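K.L.:
fold the following, please.
(chains A and B)
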Amino acid sequence: MYAFDYHKPSSVEEAASLLASKEDATVVAGGQTLIPTLKHRLAQPTDLVDLSGVAELKGVKMDGDTLVIGAMTTHAEVAADATVRSAIPALADLADGIGDAQVRNCGTIGGSVSNNDPAADYPAALLALGATVVTTNRSISADDFFTGMFDTALEPGEIVTEIRLPKPARAAYAKFPNPASRYAIVGVMVAESGGQIRVAVTGAGQDGVFRATDIEQALSGAFSAEAAKAVKVSPETMSADIHASADYRAHLVSVMASRAVAACS
Amino acid sequence: MADDGIGASITRKEDRRFLVGRGTYTDDINRPHQTYAAFVRSPHAHAGIRGIDTSAAESAPGVLAVLTGKDLADDGIGDLICGWLIHSRDGEPMKVGEYAVLAKDTVRFVGHHVAVVVAETLAEARDAAELVEVDYDVRPACIATATATANGQPQVHPEAPNNRAFDWELGDKAATDAAFENAHHVTKIDIVNNRLIPNAMEPRAAIGEYDFGTEDYTLYTTSQNPHVARLVLTAFVGIGAEHNMRVIAPDVGGGFGSKINIYPEETVCLWASKKVSRPVKWTGDRSESFMADTHGRDHVTTAELALDADGKMLGLRVHTFANIGAHLALFGSVTPTYLHGTLFSGQYVLPAIYVNLEAVYTHTAPVDAYRGAGRPETAYIVERIAEVAARELGMDSAEFRRRNFIQPDQFPYQTPVALTYDSGDYPAILDRALAMSDYDTFPQRRAESEAKGKLRGIGLSCYIEACGIAPSAVIGSLGAGVGLWESAKIRFNATGNVLVYTGAHSHGQGHETTFAQIISSHLGIPADHVEIVHGDTEKTPMGMGTYGSRSLAVGGSAIVKAAEKIVAKGTKIAAHLLEASEADIEFKDGAFTVAGTDRSTTIQEVAFAAYVPHNYPEDLEPGLEESAFYDPGNFTYPAGTHICEVEIDPDTGVVEIVNFTAVDDFGTVVNPMIVEGQVHGGIAQGVGQAMMENCVYDDDGALITGSYMDYCMPRAQDFPGFKVATTETPCPHNPLGVKGCGEAGAIAAPPAVMNAITDAIGTDMQMPATPLRVWQALQAKAPAMAAE
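P.N.:
Modelled structure (predicted):
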């Protein structure tokens, strides 16, 4: 780890002003990716702005039929939250399956979506549920927010403040974890809202989270596990590594989609 | 039997300090005026070093020294060593390439030590290490085991043409070839024993400290064998001398073989501590462990088994390429030879065996002993080929093995590959394991799985291993550089409690408990009144350390020998105190009694008399303290049957272990709870190898599996509850009747798991059986089935 200056602001405003004023400042939202990166000396920020003291970024509430989760809400809090579990149980289940207990106790939803790790779980949920990412500057739909591997629509200095998730008619997440890291090799979120079916896939794509439109079409015809499983997903845009070939990932997209559909009903 | 003696599952005496966070590991030790070392490591698998510019690092804040291989040479510090000389089948000694403490003019693996920075703080040392500029001449690397000897491969050491360190054989080639000529059936398999990275909980660490006043060296280090470290560092590397070097291996958090080797880091800390006149500390981080600690296994094998029409084994022929990495580490040559080739008879009457093993250098981390050390590789070959042979012959796997077992009345049994098995009852073990695993009703469970769309398989592994490698004269004739005896010293204090000093080293094995239980049984002193002292060359008698499941069989036997001397002297003192003849004194349960009377004195009273010798035999030395060395007459031969049952999801390739049964014969069991723990841990490691763990280098020698993100360790949730039992045929040649249990699970589990998986999927595959590979094996099989 290289030396840096550490700041713990107590408001979003203060955090934003720190980010704007420091030469190369980085936000710490939970640190589950950032701290290992720093320990490996793979990043050298001049300043760390730790959001854990910003109370307004924490917590869960309903706004009509929309579930609102503060950016600094940890995975463990989402997993255990009664409001989340009642509105979108699939999201609570997803959060309960992220990393391990230590990661869930530190990692946050805002940190996860801002990092947009191509194998993270939350991006699939946000995309399938048609969520909105609220930042210090604006509101961004999930469709526009995730722009590629470790890439988002966030501008420098822009901080995610909350995630707004419309309550779906039904939804479920099925994940095939990497045996070593427990990140998703393939994670599929299936959601139905207002008669529209959205299927979002994390872990598998070369460009990060994506919508499996051919599976969406198949499910629009018949919302069944068999229909999802019968879709032959092309391996062309799938990533490959020592844990999973592109063919295997493509196959798992159908399998995990079918399991998510089964869990929906 | 005392309730805390041999056979009692008492809780571990050492656990209190670990559970309350008061263990003392090397990194917990801080010496006055301590400095910190950071190593500059090669990012290339193979490169020449044109030059090293240390100037920027030297002027960085807090830096005390920047040292390179040239500085070592200037100080006359020698290379690191391999401890066992193997001869090739043409009689040539093995080809030993340079194993420099810091690279001289060539780097040979990613992570190779090039320079060291010593600074006031760890952060300053690391910052400065990044400023050391090494001018590398990057060259092509030789990585793959199977092709390392091919013409045109990059050469690792000029001393070893075609990267061949040695070409070793064991057994009777002519007799084996003849067996194959007469065979009714030949089973042939190709086997890859995947390369593993040991992952002890505690990474390696060292503090070197040179005392300018006394001119003595002290090394605190994570070693399984502190006396051996002292010997190598002084007599071979050339730092100090045995009498003025103290090596302390305090609490050590696991070794699994990776803490046997004497490495560059501890050598540099010692040497640098004299150069900077201050203690030098290095604590490896996990990335350094992955890159540069010794790895394990990495064999590529072709094996053939000759069978007669009744399914009896006639002969076994094995050819293996064993990857030893860039350097021959301390046990790097004995692990794939005498710890490996000598066990190919398995539990079977196998009249003719021929083993040929080529050890190859590659541009990868050195490969050395890893839990089981050569024996898992053997058991994997023997038990996989036995299973495949049974399937090819259409015989039940258990019946096939039973038909070939060495029978209980055949011991001692001379195998065709040098060893004489001393004892065992293999059919009894198998029967017990079959019963415990409900083997007979497996077809029903398979049908139930099939009804759910799952695949189910069952696999056996009837392994044998050899522990307590000995006797010294024999291993010396085979090339060992040392003897493999062990020592013990028992000291009674005046108040009747006991200190036991052992040359063995506990780094998770529980010696502080089991050794105390030996004292309880043999001397009648409660285990709570016994303290075991180990891991310090200045406190303990000479020792050879702990590896190869040797500590109880060899070190424990030394304790018994010392206890016998205590009883002999105590008898003299008791006879005097009881005014009886020595010949009439009996010792039992901690009391000396005049035979046939109720006149008695306790061993504690005798100890008191020995230190307060007011009323004491003439011509007898005061004190009650005895030492013994024990050099075993033979190896010990633990054996067992492990049975694994799996259920596989064909949609994903995920394998679930639904049942795992282990029946082992470890001879006499001192502490059943500790033995069970050892078996559990061993199985977990064996399953890890079979299904998860795999060290992967890319073609350029970069370590792909350099962290837990990609190197998959087994987790508790990966396992069912194990069904574990022991049978006991005591070892006939050591005083405890013990055989050793530390490695059995890691030896037995891989073939059991792979036999189960291949049974389920109906096709062969190599370890590790990851979901991807299982799915791929099923895909490869599917078109073939469609064509049928």
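K.L.:
make it CA atoms for all contacts and neighbour counts henceforth
P.N.:
Noted.
K.L.:
what residues does the stretch 51-200 of chain A have near chain B?
P.N.:
By the criterion of Cα under 8 Å from any Cα of the partner chain, the positions of the stretch 51-200 of chain A lying close to chain B are A:179-181.
K.L.:
in CSV: those, plus pLDDT, neighbour count and secondary structure.
P.N.:
Rendered in CSV, the data for these read as follows (pLDDT from 0 to 100; neighbours: other Cα atoms under 10 Å in any protein chain shown; DSSP: H, G, I helix; E, B strand; the rest coil):
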residue, pLDDT, neighbour count, secondary structure
A:179, 95, 24, coil
A:180, 96, 19, coil
A:181, 95, 17, coil
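K.L.:
nearest to residue A:110, of those?
P.N.:
Distance to residue A:110, by Cα to Cα, is smallest for residue A:181 among those, at 20.8 Å.
K.L.:
could you verify my assumption that that closest one touches residue B:713?
P.N.:
No: in this structure, residue A:181 sits apart from residue B:713 without contact. The criterion is Cα atoms under 8 Å, and the distance is 9.5 Å.
K.L.:
so who does residue 142 touch?
P.N.:
This is for chain A. Under the criterion of Cα atoms under 8 Å, 6 or more residues apart in numbering or on different chains, the contact partners of residue A:142 comprise A:126-127, A:130-133.
K.L.:
the chain in question should be chain B.
P.N.:
Counting by Cα under 8 Å, 6+ apart, residue B:142 makes contact with B:148, B:153-156, B:362-363, B:700-701.
K.L.:
pLDDT weak spots in the stretch 251-400 of chain B?
P.N.:
For the stretch 251-400 of chain B, no stretch has pLDDT under 70.
K.L.:
point me to the residue of it nearest chain A.
P.N.:
Closest approach of the stretch 251-400 of chain B to chain A (Cα to the nearest Cα) occurs at residue B:287, with a separation of 8.9 Å.
K.L.:
let's verify that residue: helix, strand, or coil?
P.N.:
helix (DSSP: H, G, I helix; E, B strand; the rest coil).
K.L.:
for residue B:706, see how far away it is.
P.N.:
In this view, residue B:287 and residue B:706 are 6 Å apart by Cα to Cα, to the nearest Å.
K.L.:
again, but for residue A:207
P.N.:
For residue A:207, the distance to residue B:706 under the criterion Cα to Cα works out to 24 Å.
K.L.:
strands of chain A, start to end?
P.N.:
With DSSP state E applied, chain A shows strands at A:5-7, A:25-28, A:47-50, A:60-63, A:66-70, A:132-135, A:139-141, A:146-148, A:151-152, A:160-166, A:170-177, A:184-193, A:196-202, A:210-211, listed in chain order.
K.L.:
which ones are touching the closest residue to chain B within the stretch 101-250 of chain A?
P.N.:
Here the stretch 101-250 of chain A gets closest to chain B at one residue, residue A:180, 4.0 Å apart by Cα to the nearest Cα. Residue A:180 makes contact with B:692, B:708-713, according to Cα under 8 Å, 6+ apart.
K.L.:
selecting buried members of these in PyMOL, what would you type?
P.N.:
Of the contacts of residue A:180, the buried ones go into a single PyMOL selection, burial set by 16 or more other Cα atoms under 10 Å in any protein chain shown:
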select buried, chain B and resi 692+710+711+712+713
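K.L.:
near chain A, which of the contacts of residue A:180 show up?
P.N.:
Applying Cα under 8 Å from any Cα, the subset of those adjacent to chain A comprises B:692, B:708-713.
K.L.:
in chain B, which residue sits nearest chain A?
P.N.:
Nearest residue of chain B to chain A, counting by Cα to the nearest Cα: residue B:712, 4.0 Å away.
K.L.:
so that residue touches residue A:179, yeah?
P.N.:
Yes: applying Cα under 8 Å as the test, residue B:712 and residue A:179 come out as touching, 6.2 Å apart.
K.L.:
relative to residue B:136, how far out is the residue lying closest to residue B:711 once chain neighbours are set aside?
P.N.:
Nearest non-adjacent residue to residue B:711, counting by Cα to Cα, 6 or more residues apart in numbering or on different chains: residue B:705, 5.0 Å away. If you measure residue B:705 against residue B:136 using Cα to Cα, the figure is 24 Å.
K.L.:
neighbour-wise, which of the two wins?
P.N.:
When neighbours are counted by other Cα atoms under 10 Å in any protein chain shown, residue B:705 comes out ahead of the other of residue B:705 and residue B:136, with 22 against 19.
K.L.:
backbone dihedrals for that one, please?
P.N.:
The phi and psi torsions at residue B:705 (degrees, to the nearest 10) take the values phi -100, psi 60.
K.L.:
enumerate every residue touching it.
P.N.:
By Cα under 8 Å, 6+ apart, the contact list for residue B:705 reads B:694-697, B:711.
K.L.:
common neighbours of residue B:712 and residue A:179, please.
P.N.:
The contact sets of residue B:712 and residue A:179 overlap at residue B:692 (Cα under 8 Å, 6+ apart).
K.L.:
for the contacts of residue A:180, give me JSON lines that also has pLDDT.
P.N.:
Shown next, in JSON lines, are these (pLDDT from 0 to 100):
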{"residue": "B:692", "pLDDT": "98"}
{"residue": "B:708", "pLDDT": "96"}
{"residue": "B:709", "pLDDT": "95"}
{"residue": "B:710", "pLDDT": "97"}
{"residue": "B:711", "pLDDT": "98"}
{"residue": "B:712", "pLDDT": "98"}
{"residue": "B:713", "pLDDT": "97"}
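K.L.:
pick out the most distant pair among the contacts of residue A:180.
P.N.:
Across the contacts of residue A:180, no pair lies farther apart than B:692 and B:709, at 12.4 Å, counting by Cα to Cα.
K.L.:
chain A contacts on the stretch 551-700 of chain B?
P.N.:
Residues of the stretch 551-700 of chain B lying close to chain A by Cα under 8 Å from any Cα are B:651-652, B:692.
K.L.:
between the residues you listed, which is nearest residue B:200?
P.N.:
Looking across these and measuring by Cα to Cα, the closest to residue B:200 is residue B:692, at 16.4 Å.
K.L.:
pretty sure the closest one sits against residue B:770.
P.N.:
Yes: counting by Cα under 8 Å, residue B:692 sits close enough to residue B:770 to count as a contact (5.9 Å).
K.L.:
hang on, the earlier thing: redo the contacts of residue A:142 as CSV? Include neighbour count and pLDDT.
P.N.:
What follows is the contacts of residue A:142, written out as CSV (neighbours: other Cα atoms under 10 Å in any protein chain shown; pLDDT from 0 to 100):
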residue, neighbour count, pLDDT
A:126, 26, 98
A:127, 28, 98
A:130, 20, 98
A:131, 23, 98
A:132, 21, 98
A:133, 25, 98
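K.L.:
returning to that earlier point: nearest to residue B:305, of the ones next to chain A among the contacts of residue A:180?
P.N.:
Nearest to residue B:305, judged by Cα to Cα, of the ones next to chain A among the contacts of residue A:180 is residue B:692 at 28.3 Å.
K.L.:
list the contacts for residue A:10?
P.N.:
Residues in contact with residue A:10, defined by Cα under 8 Å, 6+ apart, are A:51, A:53-55.
K.L.:
so how far is residue A:51 from it?
P.N.:
As it turns out, when the distance is counted by Cα to Cα, residue A:10 lies 8 Å from residue A:51.
K.L.:
tell me how many other residues surround the residue nearest to residue B:104 when sequence neighbours are not counted.
P.N.:
Leaving aside its sequence neighbours, residue B:104 sits nearest to residue B:69 (Cα to Cα, 6+ apart; 5.2 Å). A count of neighbours around residue B:69, defined by other Cα under 10 Å, yields 19.
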